[in-house]
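Provided below for reference: sequence and predicted model.
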Amino acid sequence: MENYRRAAAAWARGDLDAALAFADEDAEIISRVDVIEGSYRGHEGVRRWWQDLHDTFPDWDAEVGEVRALGDATLARLHVRAHGGESGAPIDQTMWHLAHWRNGQMVRLSSHGSEAEALEAAGLRE
């Protein structure tokens, strides 16, 4: 849980290199952020995800709330606020991250629209 919080804090302050220190070389990011859906792999993929996210939502801000350990995974609730770069349309929503860990490194991170969806992806039920 602490590694997730540290990686999220690095992300929030714009320190991508520090966030990448918590990611496995072959980490997979599965995004479902409205217009940015898909999978990104490896450190270069995480960098592309970062760029895509900030190109689409220049003022992206995700406040980490509750974080729970689920065996080798971490479930985190985030409160996200942003505005579309082109449209200015606001986003103010809760989303869930499911992060899988191996040897202290994140190997997979997926975004979910609800806690139930994230728990199902973890093979659990609410």
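It's in.

contacts, neighbours, all on C-alpha from now
Will do.

with adjacent residues omitted, what lies nearest to the residue nearest the centre of the chain?
Centrality entry for the chain: nearest residue to the mean C-alpha point is residue 97, 5.4 Å, by C-alpha atoms, centre = their mean. Closest residue to residue 97 apart from its sequence neighbours, by C-alpha to C-alpha, 6 or more residues apart in numbering: residue 111 at 4.7 Å.

partner strands of the host helix or strand of residue 91, parallel or antiparallel?
Assessed by DSSP states H and E, residue 91 sits inside strand 90-102. Using DSSP bridges, strand 90-102 pairs in its sheet with strand 73-83 (antiparallel), strand 105-112 (antiparallel).

list the buried ones in that strand?
91, 94-101 (16 or more other C-alpha atoms under 10 Å).

please apply the same query to stretch 54-73.
Quick answer for stretch 54-73 (16+ other C-alpha under 10 Å): 56-58, 60-62, 64, 67, 73.

could you dump the residues you listed to JSON lines with secondary structure, pLDDT and distance to residue 1?
Below are these laid out as JSON lines (DSSP: H, G, I helix; E, B strand; the rest coil; pLDDT from 0 to 100; distance: C-alpha to C-alpha, whole Å):
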{"residue": "56", "secondary structure": "helix", "pLDDT": "89", "distance to residue 1": "28"}
{"residue": "57", "secondary structure": "coil", "pLDDT": "90", "distance to residue 1": "27"}
{"residue": "58", "secondary structure": "coil", "pLDDT": "93", "distance to residue 1": "27"}
{"residue": "60", "secondary structure": "coil", "pLDDT": "90", "distance to residue 1": "22"}
{"residue": "61", "secondary structure": "strand", "pLDDT": "92", "distance to residue 1": "20"}
{"residue": "62", "secondary structure": "strand", "pLDDT": "92", "distance to residue 1": "17"}
{"residue": "64", "secondary structure": "strand", "pLDDT": "96", "distance to residue 1": "12"}
{"residue": "67", "secondary structure": "strand", "pLDDT": "96", "distance to residue 1": "7"}
{"residue": "73", "secondary structure": "strand", "pLDDT": "96", "distance to residue 1": "9"}
